[in-house]
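Chemist: Predicted coordinates and the sequence they were generated for:
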Amino acid sequence: MWGYLSLLPAFLAFWATAGIWTVFSLAVANKAVNLTEGFPYISRCGNSPPQSCIFSQVLNLGAALAAWTCILRYHQLRDWGVGKWPNQLILWMGLLCALGTSIVGNFQEKNQRAMHLTGAFFAFFVGIFYFWLQLLLFWRMKSLPQPGAPWIGPLRLVLCSICTILTVAMVVLHTWSLRSASAACEWVVATLLFILFGLFAVDFSGLDGCTLCLQPGPGSLSPPPTSPISLKVQL
């Protein structure tokens, strides 16, 4: 089972990347977007049926996979000795990113613009912040395991830096009414975020179980232990 879970991030990256570019292809084929007028935003490609249906399905499943990936990462970091509060902060940022992705897929821009933009903020800005927190954590805690090749860490730093620069450029270019250039930045940022999620497959490659921390309930007759009871579960 754990071998399959280790492939979850890679499947997420493949599913989301292939999905949004399929939506783009359908939008061009159906003439929902006109490339002669400029390069479209991702959301514009998913505004009209039938590609809007595929767009929603792709992002909903992608959001669910992202949420599961963030939860697995939370438990992995906890087992590596990361403190409760920084680990929970990272988890909630990841879950907000997943929620925003689902909102983008379900609230099309032409129907619910305010909700759509809120979801886009969570998906892009909070998503990038999620990965920066991961990098900061590993920079502060040198004792944490570093699975994979030595270049994985620098690659994540480069991808996060590019995402941050292009996200700022996307907003600035949109403000300057350079919509095609802004849309191109959006597509690149989305693809890089999917790749960053996919790189968790490297960290999950060594998964062989999880640790359940059990604590007595408030009505327990026996005195509570000084520390949580850890139970190693192998599946």
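Modeler: Perfect, I can see it now.

Chemist: Next, the buried residues of stretch 104-120.
Modeler: Buried residues in stretch 104-120, counted by 16 or more other Cβ atoms under 10 Å: 104, 105, 106, 107, 108, 109, 116, 118, 119, 120. Glycine gets a C-beta too; all of them are placed from N, C-alpha and C.

Chemist: Let me have those residues in TSV, extended by pLDDT, secondary structure and distance to residue 157.
Modeler: Shown next, in TSV, are the buried residues of stretch 104-120 (pLDDT from 0 to 100; DSSP: H, G, I helix; E, B strand; the rest coil; distance: Cβ to Cβ, whole Å):
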residue	pLDDT	secondary structure	distance to residue 157
104	95	helix	26
105	92	helix	29
106	92	helix	33
107	91	coil	33
108	84	coil	35
109	81	coil	32
116	93	helix	31
118	95	helix	29
119	95	helix	27
120	95	helix	24
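
Chemist: Let's have those residues in a markdown table, adding distance to residue 70.
Modeler: Shown next, in a markdown table, are the buried residues of stretch 104-120 (distance: Cβ to Cβ, whole Å):
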| residue | distance to residue 70 |
| --- | --- |
| 104 | 17 |
| 105 | 17 |
| 106 | 19 |
| 107 | 22 |
| 108 | 25 |
| 109 | 26 |
| 116 | 22 |
| 118 | 19 |
| 119 | 17 |
| 120 | 19 |
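
Chemist: OK, contacts around residue 106?
Modeler: 56, 59, 60 (Cβ atoms under 8 Å, 6 or more residues apart in numbering).

Chemist: Recalculate using a threshold of 7 Å.
Modeler: residue 56 (Cβ atoms under 7 Å, 6 or more residues apart in numbering).

Chemist: now it: how far from residue 12?
Modeler: 18 Å (Cβ to Cβ, to the nearest Å).

Chemist: same thing with residue 189?
Modeler: Distance from residue 189 to residue 12, by Cβ to Cβ: 16 Å.

Chemist: Next: residue 196.
Modeler: 10 Å.

Chemist: Next SSE downstream of the helix or strand where residue 117 lies?
Modeler: Taking DSSP states H and E as the definition, residue 117 sits inside helix 113-121. Where DSSP H and E defines the elements, the next helix or strand beyond helix 113-121 is helix 127-140.

Chemist: Now do that following helix and helix 113-121, the angle between them.
Modeler: Using axes from the mean of the first three to the mean of the last three Cα atoms, to 10 degrees, the inter-axis angle of helix 127-140 relative to helix 113-121 is 20 degrees.

Chemist: For the helix or strand just after helix 127-140, name the packing helices and strands.
Modeler: Reading on from helix 127-140 to the C-terminus, the next helix or strand found by DSSP H and E is helix 152-175. Where contact means 3 or more Cβ pairs under 7 Å, 6 or more residues apart in numbering; DSSP states H and E, helix 152-175 is packed against helix 127-140, helix 179-198.
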